[in-house]
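[1] Generate coordinates for the sequence data below:
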Amino acid sequence: MKRLSIFVCVLFLGLGTADADVLTDVTVGTIYDTNVDGVYDGASAFVTQLSASVMRPVEMDASYLRFFFSGDGFLFGHNGDRTFATNRLGVDFVRDLNSGERDRVFAGFALAARANRSIYDVYDYTGLTGYVQGKWYSAENTMKRVGYQLNWRSYPNLNVSRYVDHYAFFQINQFLPSRTTLRGDLGLGYKLREGAEGQVVLGLQVAQSLTDNTGLRVRYQRRINLRAANDTPTRFNALIYGDDDILKDRYDYSGDQITARLTQQLPLQVRIILEGGYEKQSYKDDLARDVSGAILLGGALRRDEYSFFDAFLELPLTQRVTTEFGYGISRNFSNDEFYNYDRRQSVSFNLIVEF
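    The predicted structure follows:
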């Protein structure tokens, strides 16, 4: 995988010597997390992320192509074995429709891979993602979106014969004269992994421009499980950090969520973002257990109440260099003692350089 990364970067940078349209950005970030595993006795740790991406746009008549490569590495200060890297190589396509520049079709696909160390190689995978979306205005102030996404993966070190995730959605946005945007969306997910699982996601969202530089967004979301795979619940003490987790994903639970996000634009392109939320999660097939893994008396199903608050400050230093500072606090009250924790905090810093 390292050789592939180096080869692709050299290829794109070589193109850049002849074509100034090749774009590159590098991000170096670190986060200190007081409960990096998100469990009852999770350890604190510094996690460093190194990211780089190379993109070459190609413009055509009413169309746009973007070839890209991106790589991410996560370094865990408390446990070097958890260090891992992910890479993506793909292309995106955009085309304006005859009905107007505001109406467009989007499509793309990417090859992806993840490499881990030691016992964490159960997360190793190679995969393919693809998507197609459409956006159009049925009226001057009414925008609609429809789309489909496929995520296929192969896990060579995990007893999983197949992993395919299908997701389709429909969204409608209404723009009002009061600078209010109303949004409703419906999503349907269907995953094949040693069985089949389905889930419907319903969402209602209101975004309001409070001033020229201040915006507020409030969203309510409901997850409804249609069919459960009845897999044996799996516990893995070192939960994933920074990538999708095949052992624990959105299909495992249903419930209600509400989130709010406030964005404040300041002079010199400085931006502050405050976001918080609360979610109830009901697990259909996971019995609540104690910290040793024994099922609790009464055989109750797992129930979680997760809440969080995040604050971010984006501070551009130059036209090509931006810094980001973040603080987050969260808690998860669960009748499953293993996943019950309080006052998980994190402090982060990112440095982003564009070339």
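
[2] For this protein, which segments are assigned as helices?
    Under the criterion DSSP state H, the chain carries helices at the ranges 2-18.

[3] residues making contact with stretch 83-90?
    1, 4-5, 8, 67-76, 108-117, 120, 123, 129, 243 (C-beta atoms under 8 Å, 6 or more residues apart in numbering). (C-beta placed from N, C-alpha, C; glycine too.)

[4] what does stretch 31-44 give?
    With contacts defined as C-beta under 8 Å, 6+ apart, stretch 31-44 is touched by 45-47, 49, 76, 78, 237-239, 241, 291, 326, 332, 337-341, 343-349.

[5] could you redo the last one with a cut-off of 6 Å?
    By C-beta atoms under 6 Å, 6 or more residues apart in numbering, the residues outside stretch 31-44 that reach it are 45-47, 78, 238-239, 337-338, 340-341, 344-348.

[6] One more: stretch 274-287?
    Residues outside stretch 274-287 that contact it (C-beta under 6 Å, 6+ apart) are 225, 228, 230, 233, 252-262, 295, 299, 301-311.

[7] Out of these, which sit inside strands?
    Among those, the ones falling in strands (DSSP state E) are 225, 253-262, 301-311.

[8] Any of those buried? List them.
    By neighbour count, with 16 or more other C-beta atoms under 10 Å, the ones in strands among the contacts of stretch 274-287 hold 225, 253-255, 257, 259, 261-262, 302-304, 306, 308, 310 as buried.

[9] As CSV, these with distance to N151 and pLDDT would be great.
    Listed next are these as CSV, based on distance: C-beta to C-beta, whole Å; pLDDT from 0 to 100:
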residue, distance to N151, pLDDT
N225, 18, 90
Y253, 19, 91
S254, 20, 94
G255, 22, 95
Q257, 22, 97
T259, 23, 97
R261, 26, 97
L262, 32, 98
R302, 25, 93
R303, 28, 95
D304, 24, 96
Y306, 24, 96
F308, 25, 96
D310, 26, 97
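
[10] would a markdown table of these with distance to Q281 be doable?
    A markdown table is the format used below for these (distance: C-beta to C-beta, whole Å):
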| residue | distance to Q281 |
| --- | --- |
| N225 | 11 |
| Y253 | 4 |
| S254 | 8 |
| G255 | 5 |
| Q257 | 9 |
| T259 | 14 |
| R261 | 20 |
| L262 | 25 |
| R302 | 8 |
| R303 | 7 |
| D304 | 4 |
| Y306 | 6 |
| F308 | 13 |
| D310 | 19 |
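
[11] remind me which residues of the protein are low pLDDT?
    By pLDDT under 70, the weakly predicted segments of the chain are 1-20, 99-101, 161, 227-248.

[12] and if we set it to 50?
    Within the chain, the ranges that satisfy pLDDT under 50 run 1-20, 229-240.

[13] Tell me the buried residues in stretch 63-73?
    Residues 66-73 are the ones in stretch 63-73 that count as buried (16+ other C-beta under 10 Å).
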